[in-house]
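Enquirer: need a structure here:
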Amino acid sequence: MIETAVRFFQEGGFFMYPIAVVLVIGIIVAAERYIYLSAQKMTNRRDFNRLHHMISKKDLKGALNYANEAGSAMASMLGFGLQRLARRQSREEIEYAMEEGLLEVMPRLEKRTQYLSTLANISTLLGLLGTIIGLIAAFTAVASADPSQKASLLSQSISVAMNTTAFGLMAAIPLLLIHSVLQTKTNEIIDSFEMAGIKVLNLINDGTSGRAANAPRPPQGEQPANPAGSMA
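Expert: The predicted model follows:
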């Protein structure tokens, strides 16, 4: 099996080497992105649970300090909102701040993922280019060959030239599949940011409503003191 693969690679010609380089680069990018996104997913879940617990306990100062020190994308996004909350700003301002934080961390999550689709297209095009150049060389060689050998020589040359297209597709298909998987994983993380922002906003809103409901009210039928009226 290994000998067949080596022979297949050697018979494809020069363009098999750039396709192999593209495949190796794609595998490196895919591995780095998968490890990064998997780590971010775990870290974001941990930081959200910690911050959600602190906010529910009304420990806003501790939550803000933790968000500034954690360094994860989730902590960074929620930290924008907590800064506005510390300034006693409205729910809309807090929501806008967290949306700004989400826009800031999104490029880190989507970084280099789009390279995989580009590398897959390059691999396919390199395979087609190698096949076309191989066919041109084959027809040029057949033109000056003996008539009795033209058929066998042409079929053999075409078979060798098609190896580059086959190898290009063998490299492009896995890269496209990996790109789809990583894109789905990235979208799941972004959706978790939006859900986390809504949960924190609702938690903050519930805390504000609770403080308003527990505020002291004057007894029914009793009018508040009016210094100006009593003087009159």
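Enquirer: Before we move on, what's the pLDDT of Thr208?
Expert: Reported pLDDT at Thr208 in the predicted model: 52.
Enquirer: Give me the below-cutoff pLDDT ranges for the protein.
Expert: Applying pLDDT under 70 to the chain flags the ranges 1-2, 4-5, 144-150, 206-232.
Enquirer: any idea how far the residue lying closest to Arg33 once chain neighbours are set aside lies from Arg46?
Expert: In space, Arg33 comes closest to Leu182 once its chain neighbours are excluded; the distance is 5.2 Å by Cβ to Cβ, 6 or more residues apart in numbering. In short, each C-beta sits where N, CA and C put it, glycine included. Separation of Leu182 from Arg46 (Cβ to Cβ, to the nearest Å) stands at 22 Å.
Enquirer: Repeat that for Leu201.
Expert: In terms of Cβ to Cβ, Leu201 sits 21 Å off from Arg46.
Enquirer: more neighbours, these two?
Expert: Neighbour totals were compared for Leu201 and Arg46, and Leu201 leads with 17 against 14 (other Cβ atoms under 10 Å).
Enquirer: returning to what we had before: please look at the residue nearest to Arg33 and Tyr34 and confirm they touch.
Expert: Yes: with contact defined as Cβ atoms under 8 Å, Leu182 counts as touching Tyr34 (6.5 Å).
Enquirer: Neighbour count: these two, which is higher?
Expert: For the pair Leu182 and Tyr34, the greater number of neighbours falls to Leu182 (21 against 15), based on other Cβ under 10 Å.
Enquirer: Mind telling me what element the more buried one is part of?
Expert: Leu182 is located in helix 150-213, with elements delineated by DSSP states H and E.
Enquirer: What count of nearby residues applies to Lys58?
Expert: 12.
Enquirer: Check Thr140 too.
Expert: 10.
Enquirer: Same check on Asn163?
Expert: 22.
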